[in-house]
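1. sequence and predicted model, in that order:
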Amino acid sequence: MTLAYVALGSNLENPIQQVQHAMLSLASIPRTQVLKTSSLYQTAPIGYAEDALALIPDFINAVVAVETALEPVALLAALLAIEHSAGRQRPYPNAPRVLDCDLLIYGNIELNSTQLTLPHPRMHERGFVLLPLFEIAPHLSLAKHGKIALLMNEHLLTGVKKLNA
């Protein structure tokens, strides 16, 4: 069994419900067990043109720790199936989405293929990933970047708000 971390995000079609349903769906992946789930975080959209920001709804984000016997690409396939069942479409990069499931970390594996890059190449730059990841794994270190506690800064966390549930 391998410890892995999965980021979940949504900003369409009741995002809170989408992320909560995805958390439940992770538990149904064969040979995989959910160990811990973070709180939900509301995040202002980033990476969009300034004039488009008012039209893009905020995201709901979370991170889930799982233990799995699946190989990384098989786990990714299961995550993509969860996205697909939620109605995920990819009309253009970073488009608003019903559900996004990103495999962040899979044990200590480093992988760079056309299908999957591990660890996730941009998670150290994303407060909406670091904050929920820190909540469930505060002592975690990211390969090539160090402890997540040291990576978080005010700039990355701007626009990220923990929701009370």
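-> That came in fine, so what should we check first? Numbers count the residues shown, from 1 in each chain.

2. send me stretch 33-48 as PDB with only the CA atoms.
-> Extracted in PDB, the C-alpha atoms of stretch 33-48 (Å, rounded to 0.1, in the frame of the first residue of the first chain):
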ATOM      1  CA  GLN A  33      -8.800   3.600   1.400                       C
ATOM      2  CA  VAL A  34      -9.400   7.200   2.400                       C
ATOM      3  CA  LEU A  35      -7.300   8.000   5.400                       C
ATOM      4  CA  LYS A  36      -7.900  11.700   5.900                       C
ATOM      5  CA  THR A  37      -9.800  14.600   4.300                       C
ATOM      6  CA  SER A  38      -9.100  18.300   4.700                       C
ATOM      7  CA  SER A  39     -11.600  21.000   5.400                       C
ATOM      8  CA  LEU A  40     -13.100  22.700   2.400                       C
ATOM      9  CA  TYR A  41     -11.500  25.900   1.200                       C
ATOM     10  CA  GLN A  42     -13.000  28.700  -0.900                       C
ATOM     11  CA  THR A  43     -10.600  30.100  -3.400                       C
ATOM     12  CA  ALA A  44     -10.700  33.100  -5.600                       C
ATOM     13  CA  PRO A  45     -10.000  32.200  -9.300                       C
ATOM     14  CA  ILE A  46      -6.400  32.700 -10.400                       C
ATOM     15  CA  GLY A  47      -4.800  32.600 -13.800                       C
ATOM     16  CA  TYR A  48      -7.600  34.400 -15.700                       C
END
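
3. offset the numbering so it begins at 391, please.
-> From this message on, residue numbering opens at 391, which makes the last subject stretch 423-438.

4. buried residues in that stretch, which are they?
-> 424, 427-428, 430-433, 435-436 (16 or more other CB atoms under 10 Å). In this view, the C-beta of every residue, glycine as well, is placed from N, C-alpha and C.

5. show the average pLDDT along it.
-> Stretch 423-438 shows a mean pLDDT of 91.

6. how far does that stretch sit from its chain's centre?
-> Relative to the centre of its chain, stretch 423-438 is centred 6 Å away, using CA atoms, centre = their mean, to the nearest Å.

7. could you do stretch 401-408 as well?
-> 14 Å.

8. do the same with stretch 396-406
-> For stretch 396-406 - counting by CA atoms, centre = their mean - the centre lies 9 Å from the chain centre.

9. what does stretch 515-529 give?
-> For stretch 515-529, the distance to the chain centre is 10 Å (CA atoms, centre = their mean).
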